[in-house]
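> I'd like to go over a predicted model; first the sequence, then the structure.
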Amino acid sequence: MSFDDLPPQTPINPNADRYAETCLRLSREVAENSRCVLDVAYGPDYWQKIDIYLPKEPVSKPLPVLMFFHGGNFTHGYKEWCGFMAPAITAFPAIFISVSYRLAPHTSYKEIIGDAFASLAYVQAHIGEHGGDPSRIFIGGHSAGAQTVAHMALRHDARRAAGIPDDGIKGVLPISGSYSRRLADLEADESLRAGADVPDSPIETATRTFAPFYVTWGGKEKEQVQRDGMAFVEALRAVGQPVEYHAFEEDDHFSIHLNTANPEDIWTQKVRQWMLA
């Protein structure tokens, strides 16, 4: 993968397509002017790769790490959508990692979450080679990526099966997720669909986990995203899980993500607070 050789994807809708073009343009500029290691494979598939962004100057002590998962409804998107976020994060100082993963319908939703765990296991094993601290890894994501990181934190058996300890995630930072959506209901293969009585969405599977959550969404998003954001916060609170939240009243589904590039953005400031604690 590279900015000049991304496999073409079908249009989504005009607003999403403009957002995607903006993300790619900004991220290309960042990659061309950053200290970074691109297209690091964590698995054998073309899509199983990460981009690692490092502070401008080497730092002597091990750094905290933020892994970020792009959106795109699990059917679209590239890790190159998120590189624009890197300068605000690496300035903490910290390491920023943008993750790509296989996409539906060419793979199952179960395998998409499996890719997320595989990328985290790879980063834990290898980020020390780049100056990162494997014991201080935070995960975040936008839209479908938000749902992904929620599953990573809440699906304890799957996380442990991937070799990730209970304290392997230090914080969860989902942006604009649809937390009532059941992955099993989206599967094209009927054999992978769980029964309606089997908890499958993040709201249904909310439980206590080691990592605190910071859940955010925009005030100008679709009603479901706003409703799901608050419902997810309440579901986490109901089981005693530490969670903070913020609704960005003036943001829509795309501006809320683009604004994370601003070092003064409330989301970015919260990430800095958590990562440097």
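Yep, it's here.

> show me where the stretch 1-150 of the chain has helices.
Applying DSSP state H, counting those that start in this stretch to the stretch 1-150 of the chain gives helices spanning 14-32, 86-90, 109-126, 144-154.

> now render those as TSV, adding mean pLDDT, mean neighbour count and distance to Q224.
All C-beta atoms are positioned from the backbone trio N, CA, C, and that covers glycine. As requested, the helices of the stretch 1-150 of the chain are exported to TSV (pLDDT from 0 to 100; neighbours: other Cβ atoms under 10 Å; distance: least, Cβ to Cβ, whole Å):
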stretch	mean pLDDT	mean neighbour count	distance to Q224
helix 14-32	97	16	16
helix 86-90	98	23	29
helix 109-126	97	20	18
helix 144-154	98	27	12
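
> distance to D251 added to those helices, as TSV?
Output for the helices of the stretch 1-150 of the chain, formatted as TSV (distance: least, Cβ to Cβ, whole Å):
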stretch	distance to D251
helix 14-32	12
helix 86-90	16
helix 109-126	25
helix 144-154	14
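
> out of these, which gets nearest to I169?
With Cβ to Cβ as the criterion, I169 lies closest to helix 144-154 of those, at 5.8 Å.

> is it true that R208 touches V243?
No: assessed by Cβ atoms under 8 Å, R208 is found out of contact with V243, at 10.6 Å.

> more neighbours, these two?
Between R208 and V243, counted using other Cβ atoms under 10 Å, V243 has the larger neighbour count: 18 against 11.

> how close does the more buried one sit to N13?
For V243, the distance to N13 equals 31 Å [Cβ to Cβ, to the nearest Å].

> how about A158?
Computed as Cβ to Cβ, the A158 to N13 distance reads 32 Å.

> gap between K110 and R102?
As defined by Cβ to Cβ, K110 lies at a distance of 11 Å from R102.

> please read the previous query as pertaining to F232.
Where R102 is concerned, F232 sits at a distance of 25 Å (Cβ to Cβ).

> these two: who's more crowded?
Between F232 and R102, counting by other Cβ under 10 Å, F232 is the more crowded of the two (27 against 17).

> other SSEs contacting the helix or strand hosting that one?
According to DSSP states H and E, F232 maps onto helix 223-238. For helix 223-238, the packing partners by 3 or more Cβ pairs under 8 Å, 6 or more residues apart in numbering; DSSP states H and E come out as strand 213-218, strand 243-248.

> buried ones in the last one?
Judged by neighbour count (16 or more other Cβ atoms under 10 Å), strand 243-248 contains these buried residues: 243, 245, 247-248.

> go on, stretch 170-189?
Quick answer for stretch 170-189 (16+ other Cβ under 10 Å): 170-184, 186-187.

> give the contact list for the residue lying closest to F3 once chain neighbours are set aside.
Leaving aside its chain neighbours, F3 sits nearest to R28 (4.7 Å; criterion: Cβ to Cβ, 6 or more residues apart in numbering). Residues near R28 by Cβ atoms under 8 Å, 6 or more residues apart in numbering: 3, 80, 83.

> got the buried residues of strand 243-248 as a markdown table, with distance to K56 and pLDDT columns?
Putting the buried residues of strand 243-248 into a markdown table (distance: Cβ to Cβ, whole Å; pLDDT from 0 to 100) gives the following:
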| residue | distance to K56 | pLDDT |
| --- | --- | --- |
| V243 | 33 | 98 |
| Y245 | 32 | 98 |
| A247 | 33 | 98 |
| F248 | 28 | 98 |
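
> all helices of the stretch 151-277 of the chain, in order?
Secondary structure of the stretch 151-277 of the chain by DSSP H, counting those that start in this stretch: the helices cover 156-161, 183-186, 223-238, 255-258, 266-275.
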